[in-house]
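1. 3D model of this:
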Amino acid sequence: MSTVPCGLPAGSEKRGAVFVDLHRSAERLKREYWLYAVFNCGEAPELNTVQDQARLDWRAVAVVEHYPVKPDVILAAREA
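-> Numbering: from 1, shown residues only. Below you'll find the predicted structure:
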């Protein structure tokens, strides 16, 4: 059986994810909130359900858009 959640490209990190608003809802609603994850999409799809998904080992990932530039490029632009 494949352990890559459906919708993720092959070779991805093989991790599911939820957006912050869904995670907050799960934290607030506890056992009234369900996670549905489908695995093995290509062969025989398998629906997995988890009640109270907030109890899982979720880790927040923050990505900040940034534009790196080398110091010598800055120095060259200053002199131009």
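
2. in stretch 35-42, what's buried?
-> For stretch 35-42, burial by neighbour count (16 or more other CB atoms under 10 Å) applies to 35, 39, 40. (Glycine included, C-beta is placed from N, CA and C.)

3. Looking at those residues, which are in strands?
-> Counted as lying in strands by DSSP state E, out of the buried residues of stretch 35-42, are 35, 39.

4. And the buried residues of stretch 35-42, which is closest to residue 74?
-> For the buried residues of stretch 35-42, the minimum distance to residue 74 (CB to CB) is 46.5 Å, reached by residue 35.

5. Pull the contacting residues for that closest one.
-> Residue 35 makes contacts with 18, 26, 49, 50, 53, 56, as judged by CB atoms under 8 Å, 6 or more residues apart in numbering.

6. let's go with 7 Å and repeat that
-> Contact partners of residue 35, counting by CB atoms under 7 Å, 6 or more residues apart in numbering, are 49, 50, 53.

7. quick one: which of those sit in strands?
-> 49, 50.

8. Name only those of the contacts of residue 35 that count as buried.
-> Buried subset of these (neighbour count, 16+ other CB under 10 Å): residue 53.

9. coming back round to it: Serialize the buried residues of stretch 35-42 to a markdown table and add fields for distance to residue 61 and pLDDT.
-> A markdown table is the format used below for the buried residues of stretch 35-42 (distance: CB to CB, whole Å; pLDDT from 0 to 100):
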| residue | distance to residue 61 | pLDDT |
| --- | --- | --- |
| 35 | 18 | 91 |
| 39 | 22 | 83 |
| 40 | 25 | 81 |
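
10. Save the contacts of residue 35 as JSON lines, and put in distance to residue 74 too.
-> Converted to JSON lines, the contacts of residue 35 look like this (distance: CB to CB, whole Å):
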{"residue": "49", "distance to residue 74": "53"}
{"residue": "50", "distance to residue 74": "49"}
{"residue": "53", "distance to residue 74": "46"}
